[in-house]
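A predicted structure for the sequence below; I have some questions about it.
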Amino acid sequence: MTTPHRTGASAGPRAGGPRAGGSRAGGSRAGGSRTGGSRAGGSRRRQVQGGAPLPLLVPALIGLAFLVLPLVALLIRTPWASMPELLTSTEVWQALRLSLICATAATVVSMVIGVPLAWLLARVEFPGRGLVRALVTLPLVLPPVVGGVALLMALGRNGVVGQWLDSWFGITLPFTTTGVILAEAFVAMPFLVISVEGTLRAADPRYEEAATTLGASRFTAFRRVTLPLIAPGIAAGAVLAWARALGEFGATITFAGNFPGRTQTMPLAVYLALQSDPEAAVALSLVLLAVSVAVLAGLRDRWMTAS
């Protein structure tokens, strides 16, 4: 009687063995199907990334040609033989020197007041912060000529603030080199503020909190801890602001005028030379194009690196 029981007990595992093995085989088959599905999905993704539908490819090529063709035409029409003579003329050199000085000064002004403003927007909660951010970024979308008119209404000789500066201190800002710097800073500073604010939001605030718990004031923590952390963002924002200030036209001509040697920057010189000496206008335009390409190359790690 005990023998059949042992036989049944021993036969049970044997009978169950193939079933377990079958389940394992089924699992392997299922895993294989999953693996094959992932491979198929990967191949499909690669196909989507590799090919472009014709209805999308044609407009894309037209858009690329629309952006690149004017730059190529500028290079084709450049009088390369007379470039040294054109770039060393007195008028061009004055405009170039004034543009570099004013753009650099406008960038310094933007950094001095823009970095604290970016820190305020990124680190301090206060009512109306969204409205303040919108007002800070408004010059990005505001027509530059409108910005120049607004500066005249605020800082002109009869402006809201300018009349007091003129009557109390004898300071007149419009149609001066200082006016050029202020006009360029007005349109360029939002680029720096946005760049620095984004870097501050990405930085870990616990480093500042640790510094304050060790006895450092908030300003000391900002100067010794935060500034080194956000230095790349400040550098990128400063380069963008400098390039924007160098190419400013509308606000400058409206608020500061177009006086050679005093307020005539390179964009204004291009506009004036286009009416009398087109070759000089092309030469100046090529200089501004070279500066823009240099700025883009300097920021290639920030903009052109694929994620």
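Alright, I've got the coordinates.

Tell me the spacing between Gly237 and Ala283.
Distance, Gly237 to Ala283, using C-beta to C-beta, to the nearest Å: 30 Å. (Glycine included, C-beta is placed from N, CA and C.)

more crowded one of the two?
Higher neighbour count among Gly237 and Ala283: Gly237, with 29 against 23, using other C-beta atoms under 10 Å.

what kind of secondary structure is the residue nearest to that one when sequence neighbours are not counted in?
Nearest residue to Gly237 in three dimensions, chain neighbours excluded: Ser195, at 3.2 Å (C-beta to C-beta, 6 or more residues apart in numbering). Of the three states, Ser195 takes helix according to DSSP: H, G, I helix; E, B strand; the rest coil.

Could I get the full set of helices for the stretch 1-150 of the chain?
Secondary structure of the stretch 1-150 of the chain, counting by DSSP state H, counting those that start in this stretch: helices at 2-50, 54-76, 83-87, 90-123, 129-141, 144-155.

Show me what the fifth one is packed up against.
Using 3 or more C-beta pairs under 8 Å, 6 or more residues apart in numbering; DSSP states H and E, the elements in contact with helix 129-141 are helix 90-123, helix 177-202.

likewise the fourth one?
Helix 90-123 sits against helix 83-87, helix 129-141, helix 177-202, helix 227-246, helix 266-276, helix 278-298, with contacts defined as 3+ C-beta pairs under 8 Å, 6+ apart.

got the buried residues for it?
For helix 90-123, the neighbour count (16 or more other C-beta atoms under 10 Å) marks 91-92, 94-96, 98-99, 102-107, 109-111, 114-115, 117-123 as buried.

Quick check: Phe139 touching Val193?
If you look again at residue 139, you'll see it is Pro, not Phe. No. With contact defined as C-beta atoms under 8 Å, Pro139 does not count as touching Val193 (10.0 Å).

For the two, work out which one has more neighbours and name it.
Set side by side, Pro139 and Val193 show more neighbours around Val193, with 26 against 21, by other C-beta under 10 Å.

contacting residues around the more buried one?
The neighbours of Val193, taking C-beta atoms under 8 Å, 6 or more residues apart in numbering as the test, are 114, 117-118, 121, 136-137, 237.

so can I have CSV of these showing distance to Ile76 and pLDDT?
Listed next are the contacts of Val193 as CSV, based on distance: C-beta to C-beta, whole Å; pLDDT from 0 to 100:
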residue, distance to Ile76, pLDDT
Gly114, 39, 94
Leu117, 43, 94
Ala118, 42, 94
Leu121, 45, 93
Val136, 41, 93
Thr137, 37, 92
Gly237, 34, 91
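
from those, which is closest to Ala297?
Gly237 (16.9 Å; C-beta to C-beta).

separation between that closest one and Ala243?
11 Å.

now do Ile101
For Ile101, the distance to Ala243 - C-beta to C-beta - is 15 Å.

do you know which of the helices and strands packed on helix 90-123 lies nearest Gly257?
When the helices and strands packed on helix 90-123 are compared by C-beta to C-beta, helix 177-202 sits nearest Gly257, at 8.0 Å.

now the angle from the closest one to helix 90-123?
Going by axes from the mean of the first three to the mean of the last three C-alpha atoms, to 10 degrees, helix 177-202 is angled at 40 degrees with respect to helix 90-123.

Pull out the buried positions in helix 177-202.
Neighbour-count burial for helix 177-202 [16+ other C-beta under 10 Å]: 177-200.

mind checking pLDDT for the residue nearest to Gly237?
At Ser195, the model reports a pLDDT of 92.

contacting residues for it?
Contacts for Ser195 (C-beta under 8 Å, 6+ apart) come out as 118, 233-234, 236-237, 240.

6 Å instead?
Ser195 is in contact with 233, 236-237, counting by C-beta atoms under 6 Å, 6 or more residues apart in numbering.

go on, Ala52?
Counting by C-beta under 6 Å, 6+ apart, Ala52 has no contacts.

Would you mind measuring from it to Val68?
Taken as C-beta to C-beta, the span from Ala52 to Val68 is 18 Å.

swap in Gly130?
Taking C-beta to C-beta, one finds Gly130 at 38 Å from Val68.

so where is the chain shaky, pLDDT-wise?
Residue ranges of the chain with pLDDT under 70: 1-50, 300-307.

sorry, back to before: with distance to Ile253 added, can I get the contacts of Val193 in TSV?
Formatted as TSV, these follow (distance: C-beta to C-beta, whole Å):
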residue	distance to Ile253
Gly114	24
Leu117	27
Ala118	29
Leu121	31
Val136	24
Thr137	23
Gly237	25
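
of these, closest to Asp204?
Proximity of the contacts of Val193 to Asp204 was ranked by C-beta to C-beta; the top entry is Ala118 with 16.6 Å.
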